[in-house]
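Peer 1: this one's structure only:
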């Protein structure tokens, strides 16, 4: 089994849970933020939907330079659940295809995130995929479930039943 295929089950599980969470975004609450230092629900949804593009970049490039002009644009803030889900579906499908096209040798090669000349991190692609991409998506998805709960929206079951859907 290749590294990519070993990651595929985790990828599919996490993307399905992320999609379930995005589907539940309450319309009309995209400006909601639980605290003044927190991003809005719309920003969080757009960020999560966009993060899968990072996985594609890790699989298909040797580095990402955050200082490069083409990387300065911020992903658009989602304004509806449908918009967030459609954006997520498109980028997750591209990420899945890139993941499956990455062989074991490429997975073990270093990938670098930098800001101009400053190296932020340099690790094997597989370590970046698990640590910076998968875990980062999971982190923000968890934050978004708090936003859902605070807006009276049932939290979807992600790793077994949620308190809101014990029979799911």
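Peer 2: Okay, I see it. Just so we're clear, the structure is a prediction, and the values are computed from it rather than from any experiment.

Peer 1: okay, CA-based contacts and neighbour counts for the rest of this
Peer 2: Fine.

Peer 1: which secondary structure state does residue 126 sit in?
Peer 2: Secondary structure assignment for residue 126 (DSSP: H, G, I helix; E, B strand; the rest coil): helix.

Peer 1: ditto for residue 122
Peer 2: Going by three-state DSSP: residue 122 is strand.

Peer 1: wait, it sits on residue 109?
Peer 2: No - in this structure residue 122 lies outside contact range of residue 109 using CA atoms under 8 Å: 9.9 Å.

Peer 1: OK, contacts around the nearest residue to residue 108 once chain neighbours are set aside?
Peer 2: In space, and not counting its chain neighbours, residue 108 is closest to residue 124: 5.0 Å by CA to CA, 6 or more residues apart in numbering. Contacts for residue 124 (CA atoms under 8 Å, 6 or more residues apart in numbering) come out as 107, 108, 109, 110, 111.

Peer 1: quick one: which of these is most hemmed in?
Peer 2: residue 111 (25 neighbours; other CA atoms under 10 Å).

Peer 1: surely residue 75 forms part of a helix?
Peer 2: No - using three-state DSSP, the assignment for residue 75 is coil, not a helix.

Peer 1: how close does it sit to residue 96?
Peer 2: Using CA to CA, to the nearest Å, residue 75 is found at 20 Å from residue 96.

Peer 1: which one of those two has more residues nearby?
Peer 2: The neighbour comparison of residue 75 against residue 96 (other CA under 10 Å) goes to residue 96, with 19 against 14.

Peer 1: Three-state assignment for residue 15, please.
Peer 2: helix.

Peer 1: these two touch, right, it and residue 92?
Peer 2: Yes - judged on CA under 8 Å, residue 15 makes contact with residue 92 at a distance of 7.3 Å.

Peer 1: next one: phi and psi at residue 162?
Peer 2: Dihedral angles of residue 162 (phi, psi; degrees, to the nearest 10) stand at phi -100, psi 170.
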